[in-house]
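Undergrad: I would like the atomic coordinates for the input below:
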Amino acid sequence: MDLQLSAEERRVLGSLMEKDITTPDYYPLTLNALLAACNQKSNREPVMDLDEEAVRDALRSLEVKGLAGPARAEGRVARFEHRLSEVLNLGRRESALLCTLLLRGPQTPGELRGRTERMHRLEDLDEVQLVLQKLIEHDPPLAKLLPRQPGTKEARYGDLFGDTETDLSESLPTTDGVSQASLEERLTLLEAEVAQLRAEFEALRQQFADFRSQF
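TA: Okay, the predicted model is just below:
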């Protein structure tokens, strides 16, 4: 089975999976509804601006791969559905977690638990880890643990459907042997430290003003 998907295929497949769970009364989706789902600004990373032809092309490719296609039910308006859960024999928890990875890219277990809740509630991080391990051990494997980024404490997990930013830090250009991703991480940490110092300075200034007002 070909699980290597383009960015457009990932977005179309993830959107179909999401709407299957969150809005079952309107699923399968018409082409217009699917286009809106692909381009919505919430729960999407990155936000995309696909046109109708791009969605049609992605649907055709996903149909060839057996992962999505026209709905089996007949009707005047063509509707589309995903077949991933059926083809790969995934449960509700696995489908919800995989859908979140497809729509938002690599994430920590904590992020996955919070973002998956609207589709399926995972009780705690232990359950998240359990579901992730099932995806990792699935045949074929559907997820993997990613190398920890510099300056971060939590591990992240990504899917194995291709065309993701999973290995972004390895592909970015370097400056004197230091990757751009590493530089950006350091900059983020420095900005956080500066913000904290400013807050502490403001607190001290207020305390001094309060002290002076007593005399």
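Undergrad: for Arg198, grab the count of nearby residues.
TA: Neighbour count for Arg198, taken as other CB atoms under 10 Å: 10. From N, CA and C alone the C-beta is placed, and that goes for glycine too.
Undergrad: try Arg10
TA: The number of residues near Arg10, taken as other CB under 10 Å, comes to 22.
Undergrad: domains of the protein?
TA: 7-159, 174-212 (automatic domain parsing).
Undergrad: between those domains, which one is closest to Met1.
TA: Minimum separation from Met1 across the domains of the chain (CB to CB) falls at domain 7-159, 6.8 Å.
Undergrad: so which residues of this protein form helices?
TA: Shown for the chain, the helices assigned by DSSP state H span residues 7-22, 31-39, 52-64, 84-88, 92-104, 109-116, 125-137, 168-171, 180-212.
Undergrad: quick check: buried residues in the fifth one?
TA: Of the residues in helix 92-104, those with enough neighbours to count as buried (16 or more other CB atoms under 10 Å) are Arg93, Glu94, Ser95, Ala96, Leu97, Leu98, Cys99, Thr100, Leu101, Leu102, Leu103, Arg104.
Undergrad: remind me what that helix packs against, helices and strands.
TA: Secondary-structure packing of helix 92-104 (3 or more CB pairs under 8 Å, 6 or more residues apart in numbering; DSSP states H and E): helix 7-22, helix 84-88, helix 109-116, helix 125-137, strand 157-159.
Undergrad: give the contact list for Thr108.
TA: Residues in contact with Thr108, defined by CB atoms under 8 Å, 6 or more residues apart in numbering, are Glu154, Ala155, Arg156, Tyr157.
Undergrad: show me the shaky parts of the chain.
TA: 74, 163-193, 195-196 (pLDDT under 70).
Undergrad: dead centre of it: give me the residue that sits there.
TA: Nearest to the geometric centre of the chain sits Arg104, at 1.6 Å (CA atoms, centre = their mean).
Undergrad: go ahead and confirm it touches Arg44.
TA: Yes - counting by CB atoms under 8 Å, Arg104 does reach Arg44; the two are 7.0 Å apart.
Undergrad: related to what we said a few turns ago, just the buried residues of helix 92-104 now: which is nearest Glu123?
TA: Nearest to Glu123 out of the buried residues of helix 92-104 is Arg93 (CB to CB; 10.4 Å).
Undergrad: need the contact list for the closest one.
TA: Contacts of Arg93 (CB under 8 Å, 6+ apart): His120, Leu122, Glu127, Val131.
Undergrad: the last one reaches Leu90, doesn't it?
TA: Just to be clear, that refers to Val131. No - with contact defined as CB under 8 Å, Val131 does not reach Leu90; the gap is 10.1 Å.
Undergrad: neighbour count winner among the two?
TA: Per other CB under 10 Å, whichever of Val131 and Leu90 has more neighbours is Val131, with 23 against 20.
Undergrad: how much space between that one and Glu123?
TA: To Glu123, Val131 is 11 Å away according to CB to CB, to the nearest Å.
Undergrad: burial count for Met1?
TA: Around Met1 there are 8 residues (other CB under 10 Å).
Undergrad: swap in Ala58?
TA: Counted with other CB under 10 Å, the neighbours of Ala58 add up to 24.
Undergrad: contacts only, for it.
TA: Ala58 neighbours (CB under 8 Å, 6+ apart): Ser6, Glu8, Glu9, Arg11, Val12, Leu50.
Undergrad: perfect, I'm done here.
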